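In: below: sequence and its predicted model.
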Amino acid sequence: NEANGSARIRGIGTVGDNPGLESSVAVFIDGVYRSRSGNAMAELGPLDRVEILRGPQGTLGGRNSSAGLINIYTAPPEFEFSGYGAFTYGNYDAIKVEAGINAPLGDTVAARIDGVYFERDGFYNDVVNDVRINDRDRYLVRGQLLFDNGGPLRVRVIGDYDKIEERCCGVLNVAPSAEIGAIQLLGGQVNDFRNNPDGDVVFTDVDPINEVENYGISGQVDYDFGALGLTSITAYRKTQLGADQDVDFTSLDAVSGANIGDADIDTFTQELRIASDFDGPLNFLIGGYYFDERV
């Protein structure tokens with residue numbers, strides 16, 4: 001499900017629906033660590049660049065980057081007025097709307113705001129609950145302020161809110177089995193390519209709603225001391241996860257406890273580092289990192 005999605009690098013990553021697990025592929029957005037990959041894989045808006053670093057990355061990326069690291073940098077504010085918009089329509093009534101505006105607020109301050117809305121009907125038909133499964137319903141709003149007077153000090157503040165409320169996931173059987181026969185003998189319905197060659201009908205006695213609500217604020221301060229550069233990144237993030245799912249994926253009420261993960265996650269991080277830029281053969285990077293999380 002979306003709440004517990006996990007990234008892989010070269011096929012390596014963390015598997016599991018436990019919301020207490022952190023992925024072995026660390027994800028950073030604008031220098032801020034996202035302790036759950038699922039809350040980093042929603043809509044991202046306009047990007048500046050993405051870096052994929054194969055593991056291990058423990059020296060600079062922390063203890064949870066043994067499989068690698070994904071650095072995502074969103075587009076920053078600029079000192080020229082600009083705007084954009086985009087509309088996309090696809091099959092299953094997919095609608096995606098993106099828009100943003102960037103504006104200077106003076107000679108030293110610039111701001112931008114970006115928004116994304118994406119919805120699409122599901123491509124599986126759950127005939128028990130009369131709903132479509134594997135749909136899309138998500139949006140993002142991000143606002144930024146940048147202070148840069150061309151001197152040694154540069155400050156960037158980012159606030160964002162995104163939400164996912166979708167139904168996931170449908171499961172199909174590709175071959176008959178003794179288990180399918182047993183479920184049908186007990187009165188349960190299960191999809192089977194013999195009676196559903198299109199593979200678009202599923203049977204589940206639970207409405208598999210997945211919700212991810214994620215928001216936060218961060219501030220990055222850079223100060224240039226000549227041959228030394230100081231960087232401080234402070235961030236607070238809040239994530240709420242919820243997932244209901246029929247773990248036997250049939251209309252038979254064979255396994256109770258459909259709620260497979262609710263969590264409230266509060267995270268505070270503080271990074272401080274000093275990097276040198278000497279002309280000689282020796283340079284260094286030294287810093288400290290503080291991470292506090294309540295799950």
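Out: Perfect, thanks for sending it. Given the structure is predicted, the values throughout are model-derived calculations rather than measurements.

In: what sits against V221?
Out: 153-155, 230-233 (Cβ atoms under 8 Å, 6 or more residues apart in numbering). Glycine gets a C-beta too; all of them are placed from N, C-alpha and C.

In: and those, which of them are buried?
Out: 154, 230-231, 233 (16 or more other Cβ atoms under 10 Å).

In: on that earlier part again, what's the closest of the contacts of V221 to Y73?
Out: Closest to Y73 out of those is I233 (12.6 Å), distances taken as Cβ to Cβ.

In: quick one: the helices in the chain, in order.
Out: Secondary structure of the chain, counting by DSSP state H: helices at 58-61, 178-185.

In: of those, which is nearest Y84?
Out: Closest to Y84 of the helices of the chain is helix 58-61 (Cβ to Cβ; 32.0 Å).

In: how about stretch 12-20: buried residues?
Out: Neighbour counts over stretch 12-20 (16+ other Cβ under 10 Å) mark 13-14, 19 as buried.

In: before we move on, the earlier item: same list (the helices of the chain) but as CSV, adding distance to T239.
Out: Below are these laid out as CSV (distance: least, Cβ to Cβ, whole Å):
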stretch, distance to T239
helix 58-61, 20
helix 178-185, 36
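
In: out of those helices, the one nearest D162 is which?
Out: Between the helices of the chain, helix 58-61 lies closest to D162; by Cβ to Cβ that is 23.1 Å.

In: related to what we said a few turns ago, with distance to I113 and pLDDT added, can I get the contacts of V221 in JSON lines?
Out: Converted to JSON lines, these look like this (distance: Cβ to Cβ, whole Å; pLDDT from 0 to 100):
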{"residue": "L153", "distance to I113": "24", "pLDDT": "97"}
{"residue": "R154", "distance to I113": "20", "pLDDT": "97"}
{"residue": "V155", "distance to I113": "18", "pLDDT": "98"}
{"residue": "L230", "distance to I113": "29", "pLDDT": "98"}
{"residue": "T231", "distance to I113": "25", "pLDDT": "98"}
{"residue": "S232", "distance to I113": "24", "pLDDT": "98"}
{"residue": "I233", "distance to I113": "21", "pLDDT": "98"}
